[in-house]
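**Student:** What follows is a predicted structure for the sequence shown.
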Amino acid sequence: MTPPPAQVLQWLKRTYPRPTVDPEWLEGCYTWIEQELHLDTTRDMSEILNNVDTQLLESSFSDSMVAGTGFPPNVLNAKQTFLEGPILVEVIGIMEIGHSAYSLLQIYESRQEYRKQADLRAAGGDADVEGQKPMPKYPRSMLQLQLSDGVSTLPAVESVKLPEFELGETPLGYKVSRAFLLFALTCPIAKHNC
């Protein structure tokens, strides 16, 4: 495997200081970029950085980050804490806590039926969507998120509505920087249910 050039390491340290990218993962990523995309460091550095960024943001942090370099060690045991400095986290769970489980189950079942009907229409060659109702959306009040640095998990609850997050639409694995979360989420401690 080919080690990445210093510019890639410096860019990652500046852009995502915490958690630290696993050197072995980065070497594999860079080797793939070099072999598959045939990019040259002298003329294609911005494209190389863009590809490293894309691969990192699409990876699971449990595979691509060094353990113990994300959340501070005291964050999981403190009664109240504040995350300092930039930190990139992965959303590994989303739950609507402002509506009853029963109403969410009804929407879930409606969405399953919608998908089943769409599959039947597609199998029958009926691509006409005119007059078709849209897929039911989950009701939206307040979300609880499970945030991960690749090793530890921290629950967070919206303190203001985050339009970027939608139950059933936002994929698990979505990456968020601490700067974005700072004023929008409160982070109760991981061992307590929110």
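**Tutor:** Thanks, I have the structure now.
**Student:** contacts for stretch 10-27?
**Tutor:** 1-4, 8-9, 49, 52-53, 56, 59, 61, 63-66, 69-70, 85-88, 149-150 (Cβ atoms under 8 Å, 6 or more residues apart in numbering). Using the backbone N, CA and C atoms, a C-beta is placed for each residue, glycine as well.
**Student:** can you rerun that using 7 Å?
**Tutor:** By Cβ atoms under 7 Å, 6 or more residues apart in numbering, the surrounding residues in contact with stretch 10-27 are 1, 3-4, 49, 56, 61, 63-66, 69-70, 85-88, 149-150.
**Student:** For the top helix by length along the chain, what does the pLDDT average out to?
**Tutor:** Scanning the chain for the longest helix, with DSSP state H as the assignment, gives helix 101-123. Per-region confidence: helix 101-123 scores 91 on mean pLDDT.
**Student:** Identify each buried residue in that helix, please.
**Tutor:** Of the residues in helix 101-123, those buried by neighbour count under the rule 16 or more other Cβ atoms under 10 Å are Leu104, Ile107.
**Student:** CA atoms of it as PDB?
**Tutor:** What follows is helix 101-123 as a C-alpha-only set of coordinates in PDB (Å, rounded to 0.1, in the frame of the first residue of the first chain):
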ATOM      1  CA  ALA A 101     -44.900   4.800  19.600                       C
ATOM      2  CA  TYR A 102     -48.300   3.800  18.400                       C
ATOM      3  CA  SER A 103     -48.600   6.700  15.900                       C
ATOM      4  CA  LEU A 104     -45.000   6.000  14.700                       C
ATOM      5  CA  LEU A 105     -45.900   2.300  14.200                       C
ATOM      6  CA  GLN A 106     -49.000   3.300  12.100                       C
ATOM      7  CA  ILE A 107     -46.800   5.500   9.900                       C
ATOM      8  CA  TYR A 108     -44.200   2.700   9.700                       C
ATOM      9  CA  GLU A 109     -46.800   0.200   8.600                       C
ATOM     10  CA  SER A 110     -48.200   2.700   6.000                       C
ATOM     11  CA  ARG A 111     -44.700   3.200   4.600                       C
ATOM     12  CA  GLN A 112     -44.200  -0.600   4.300                       C
ATOM     13  CA  GLU A 113     -47.500  -0.900   2.500                       C
ATOM     14  CA  TYR A 114     -46.500   2.000   0.200                       C
ATOM     15  CA  ARG A 115     -43.200   0.300  -0.700                       C
ATOM     16  CA  LYS A 116     -45.000  -3.000  -1.300                       C
ATOM     17  CA  GLN A 117     -47.500  -1.400  -3.700                       C
ATOM     18  CA  ALA A 118     -44.600   0.500  -5.400                       C
ATOM     19  CA  ASP A 119     -42.800  -2.800  -5.900                       C
ATOM     20  CA  LEU A 120     -45.900  -4.400  -7.400                       C
ATOM     21  CA  ARG A 121     -46.400  -1.500  -9.800                       C
ATOM     22  CA  ALA A 122     -42.800  -1.600 -10.900                       C
ATOM     23  CA  ALA A 123     -43.000  -5.400 -11.400                       C
END
